[in-house]
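Peer 1: need a 3D model of the following:
(2 chains)
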2 protein chains.
Amino acid sequence: MNPPHHFPTPEDAERAFYDALSAGDTDALMAIWAEDEDVVCVHPTGVQLMGSDPIRESWRSIFASARLRVTPEPVAHWQGMLLSIHHLVETLFVGDDPAPHGPLHVTHVYSRGAHGWRLVSRHASAAGEQAETAEPAASHTLH
Amino acid sequence: MNPPHHFPTPEDAERAFYDALSAGDTDALMAIWAEDEDVVCVHPTGVQLMGSDPIRESWRSIFASARLRVTPEPVAHWQGMLLSIHHLVETLFVGDDPAPHGPLHVTHVYSRGAHGWRLVSRHASAAGEQAETAEPAASHTLH
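Peer 2: Residues are numbered from 1 along each chain as shown, chains lettered A, B, ... in the order given. Purely as a prediction, here's the structure:
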């Protein structure tokens, strides 16, 4: 798989992120993260990783242990010239288990650089008893 | 207490946020959130609240049950013209208990509007066994 290294919009980067998750492709996944700045990943386990190398190792280990498919549901987003924030609720499917796992609350932060939009931060945590995903998705464009 | 309704920087808004938390002052806390757009708050319990009214009720109920003091530790931030994202680790002190609670991983999103910088999103989740708070704080200014 030859991941694109230029994402014209945050949505392109996000689509590639979920494609890489479903493919279990660490290299494709890491191509979505910004290379030239610090990056942060908070897993639902509460582990916080800083920098590309720990994040790469972590996803490699996740992909080695399970095949994932993730259905993202947009909750809200804020769009600036150089920064974009997406709130989502993710439903996880693990291996051949048809039962959904999660859901997870996720905050993705994208930054626009020389190579288009890249992920700089992912914060994922387990949703509790109440997840208001029935709300219509809200969006904000700031220019 | 008369909270300021104009925050010249995201840091001003954040300082006011933690002051309001420690004071248990719902009105002061809500003065920090954006009024004119959708706002999202994900609590460490996994509950996701959308909109000022549910967020206000939730904090009112938290303040009614416990006196909190929170020590925030900056982890990373990204600063744009109209959006700002702060990653923090929060240590909680509840009532007179000298033992720290948490820590929590927190992502704050601030948006710049007519009234300065306001909070539009807070995502908080419990930290796991490993919290790399010893890393030096990273910052990025995008202009």
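
Peer 1: going by C-alpha atoms from here, please, whenever you check contacts or count neighbours.
Peer 2: OK.

Peer 1: which helix or strand in chain A has the lowest average pLDDT?
Peer 2: strand A:138-141 (a mean of 62; mean pLDDT, DSSP states H and E).

Peer 1: ok, which stretches of chain A are strands?
Peer 2: Secondary structure of chain A (DSSP state E): strands located at A:40-42, A:48-50, A:68-79, A:83-94, A:101-113, A:116-126, A:138-141.

Peer 1: need the ones you listed in CSV with distance to B:Asp25 and mean neighbour count, can you?
Peer 2: Shown next, in CSV, are those (distance: least, Cα to Cα, whole Å; neighbours: other Cα atoms under 10 Å in any protein chain shown):
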stretch, distance to B:Asp25, mean neighbour count
strand A:40-42, 29, 24
strand A:48-50, 30, 21
strand A:68-79, 27, 19
strand A:83-94, 27, 22
strand A:101-113, 27, 22
strand A:116-126, 27, 25
strand A:138-141, 28, 14
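
Peer 1: which stretch in these has the least confidence?
Peer 2: For these, mean pLDDT drops lowest on strand A:138-141, to a mean of 62.

Peer 1: can I get the strands of chain A in TSV with distance to chain B?
Peer 2: Output for the strands of chain A, formatted as TSV (distance: least, Cα to the nearest Cα, whole Å):
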stretch	distance to chain B
strand A:40-42	8
strand A:48-50	6
strand A:68-79	8
strand A:83-94	6
strand A:101-113	7
strand A:116-126	6
strand A:138-141	7
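
Peer 1: export the ones you listed to TSV and tack on distance to A:His5?
Peer 2: Shown next, in TSV, are the strands of chain A (distance: least, Cα to Cα, whole Å):
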stretch	distance to A:His5
strand A:40-42	19
strand A:48-50	21
strand A:68-79	21
strand A:83-94	18
strand A:101-113	12
strand A:116-126	8
strand A:138-141	24
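
Peer 1: minimum distance to B:Pro72: which of these has it?
Peer 2: strand A:48-50 (15.7 Å; Cα to Cα).

Peer 1: give the contact list for A:Thr91.
Peer 2: By Cα atoms under 8 Å, 6 or more residues apart in numbering or on different chains, the residues touching A:Thr91 are A:Val70, A:Thr71, A:Pro72, A:Pro100, A:His101, A:Gly102, A:Pro103, A:Leu104.

Peer 1: let's see 6 Å
Peer 2: For A:Thr91, the contacting residues are A:Val70, A:Thr71, A:Gly102, A:Pro103, by Cα atoms under 6 Å, 6 or more residues apart in numbering or on different chains.

Peer 1: and if you look at A:Gly95?
Peer 2: So A:Gly95 contacts A:Arg67 (Cα under 6 Å, 6+ apart).

Peer 1: quick one: contacts for the residue lying closest to A:Ser52 once chain neighbours are set aside?
Peer 2: What sits nearest to A:Ser52 in space, not counting adjacent residues and going by Cα to Cα, 6 or more residues apart in numbering or on different chains, is A:Val39, at 6.6 Å. A:Val39 makes contact with A:Met50, A:Gly51, A:Val120, A:Ser121, according to Cα under 6 Å, 6+ apart.
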